[in-house]
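> here are the coordinates; sequence isn't available:
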DNA sequence: CACTATATAGACCGGTTGATCTATCGGTCA
DNA sequence: TGACCGATAGATCAACCGGTCTATATAGTG
């Protein structure tokens, strides 16, 4: 007889925080989070120990979601590694075009969390390495001469496109990045 | 008989704010700024009208300094437009290697200033357009087939390199970006 | 000298921060 | 029924926020 939906306070808090920390930065007040999630103050400290714990968990959740998106995007492009890589940049266009787009959530988090020892940094760092690993994996399948460097370059293009998408509305960063991504991917040997 | 140095409170405040807003984000407290600058509280409101005014002026100063750096870097590379453009990416390596490097100040500011109407945004936007204009100017001198798009791509590479430099310590973003910049610059026609 | 502008130190304001607390409500299960 | 547990609302806390204030000190100019 229990309603299958009706997420608990922990879930509501995570969802509200995921949305608010992106739109208003990591500096959002606890009160705003609690109000948006309709959750008691105490529940935050019961479930996450404090604001930092909540923020860290939010980042973890976000990375999982984004990694799933990478996987789905690439799988949706078929088996060819080249198609799978370029699909990421095609998808970027939609990401940037989304209504409330404000750039890369993880870069914003790293810049906002001044304390270098904040646990959130480890989450974002690990995420980037996993994404880089996915890119490198496809490049290896293509027998790219420098898969590690090329993966770094593709990630650089992604970060650059997200930054440009957040700051230079008139440009078309996804298309610009995709064009360069093709050059990176199709490099067969040093010139 | 007046000592030529001994900057006034306004100058001291700007310098302290320029440093602290970069290392600790735009969220630094006014007290921290005043203490670091050794300036009376009132002076801040006399000279800048408030914290927002100070932050905006800090961004303005920073953009002027960075634009001078672009100009000096390019002029130091000689007359050839190709050399002048690549010098920017060579300089990037030094920028990223600086001790307290924390990524692009202006991207961080845009992400931190949640209010879309904050006057700081206009400063950063104008700065990016001027930098893009400098790049495009050199590309035109090279008779690049698509100077505007290529300038966007070079700026995207710069932002990507700065982001990677702040978040992925092991990689060499400046060199990676420079390599791609060469491809952008040397594009003579559509493939 | 006096006048004015500018800088200083620091008290003070209302509001907000993150965090801890008590008390109560509403189920579940024995 | 009654014990228990997660969740709730909300009072309360010290600390800090940006901003205004008064009073005093200093420097330059007439």
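Arrived safely, thanks for sending. Keep in mind that what you see is a predicted model, and the values were worked out from it rather than measured.
> Give the full set of residues in contact with residue A:103.
A:162, A:163, A:165, A:166, A:167, B:107, B:110, B:111 (CB atoms under 8 Å, 6 or more residues apart in numbering or on different chains). Where you see a C-beta, it was placed from the backbone N, CA and C, and this is true even at glycine.
> Which residues of chain A lie near DNA strand D?
Taking CB under 7 Å from any atom of the strand, the part of chain A that reaches DNA strand D is made up of A:8, A:9, A:10, A:38, A:39, A:40, A:41, A:42, A:43, A:46, A:47.
> neighbours around the closest residue to the fourth one other than its chain neighbours, how many?
It stands for residue A:38. Once flanking residues are discounted, residue A:38 sits nearest to residue A:12: 6.5 Å by CB to CB, 6 or more residues apart in numbering or on different chains. Residues lying near residue A:12 (other CB atoms under 10 Å in any protein chain shown) number 17.
> Repeat that for residue A:91.
18.
> I figured it hits residue A:73, correct?
Yes: between residue A:91 and residue A:73 there is a contact under CB atoms under 8 Å: 4.5 Å.
> circling back: can you tell me the SS state at the residue nearest to residue A:38?
Of the three states, residue A:12 takes helix under DSSP: H, G, I helix; E, B strand; the rest coil.
> tell me the contacts of it?
Residue A:12 neighbours (CB under 8 Å, 6+ apart): A:37, A:38, A:39.
> what do you get if the cut-off is 10 Å, keeping everything else the same?
Contacts for residue A:12 (CB atoms under 10 Å, 6 or more residues apart in numbering or on different chains) come out as A:6, A:34, A:36, A:37, A:38, A:39, A:43.
> Most neighbours among these, which one?
The most crowded member of the contacts of residue A:12, judged by other CB under 10 Å, is residue A:37 (22 neighbours).
> That one touches residue A:48, doesn't it?
No: assessed by CB atoms under 10 Å, residue A:37 is found out of contact with residue A:48, at 11.8 Å.
> Compute the number of surrounding residues for residue A:15.
For residue A:15, the neighbour count with other CB under 10 Å is 15.
> The helix or strand residue A:152 falls within - contacts with which helices or strands?
Secondary structure assignment for residue A:152, by DSSP states H and E: helix A:147-167. Counting contacts by 3 or more CB pairs under 10 Å, 6 or more residues apart in numbering or on different chains; DSSP states H and E, helix A:147-167 packs against helix A:81-97, helix A:105-112, helix A:119-141, helix A:173-185, helix B:105-112, helix B:119-141, helix B:147-167, helix B:173-185.
> Dump those helices to CSV, plus mean pLDDT.
Shown next, in CSV, are those (pLDDT from 0 to 100):
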stretch, mean pLDDT
helix A:81-97, 98
helix A:105-112, 96
helix A:119-141, 97
helix A:173-185, 98
helix B:105-112, 97
helix B:119-141, 97
helix B:147-167, 98
helix B:173-185, 98
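> The closest residue to DNA strand C within chain A: how many residues sit nearby?
Closest approach between chain A and DNA strand C, counting by CB to the nearest atom of the strand: residue A:29, at 2.7 Å. Neighbours of residue A:29 under the rule other CB under 10 Å: 11.
> tell me the contacts of it?
Counted by CB under 10 Å, 6+ apart, residue A:29 has contacts A:20, A:35, A:51.
> Tell me which of those fall in strands.
Among these, DSSP state E puts none in strands.
> Please dump these into CSV; it should also carry pLDDT and neighbour count for every row.
As requested, the contacts of residue A:29 are exported to CSV (pLDDT from 0 to 100; neighbours: other CB atoms under 10 Å in any protein chain shown):
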residue, pLDDT, neighbour count
A:20, 94, 19
A:35, 92, 12
A:51, 94, 16
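> Show me what counts as buried in the helix or strand containing residue A:63.
Secondary structure from DSSP H and E places residue A:63 in helix A:51-75. Using 16 or more other CB atoms under 10 Å in any protein chain shown as the test for burial, helix A:51-75 gives A:51, A:54-63, A:66, A:70, A:73-74.
> what does chain A put close to DNA strand C?
Near DNA strand C, when you scan chain A using CB under 7 Å from any atom of the strand, you find A:2, A:27-32, A:41-42, A:45, A:50-52.
> For the buried ones among the residues you listed, write the corresponding PyMOL selection.
Selection of buried members from those for PyMOL, criterion 16+ other CB under 10 Å:
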select buried, chain A and resi 28+51
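> mind putting the residues of chain A next to DNA strand C in a markdown table, secondary structure included?
Putting the residues of chain A next to DNA strand C into a markdown table (three-state DSSP) gives the following:
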| residue | secondary structure |
| --- | --- |
| A:2 | coil |
| A:27 | coil |
| A:28 | coil |
| A:29 | coil |
| A:30 | helix |
| A:31 | helix |
| A:32 | helix |
| A:41 | helix |
| A:42 | helix |
| A:45 | helix |
| A:50 | coil |
| A:51 | helix |
| A:52 | helix |
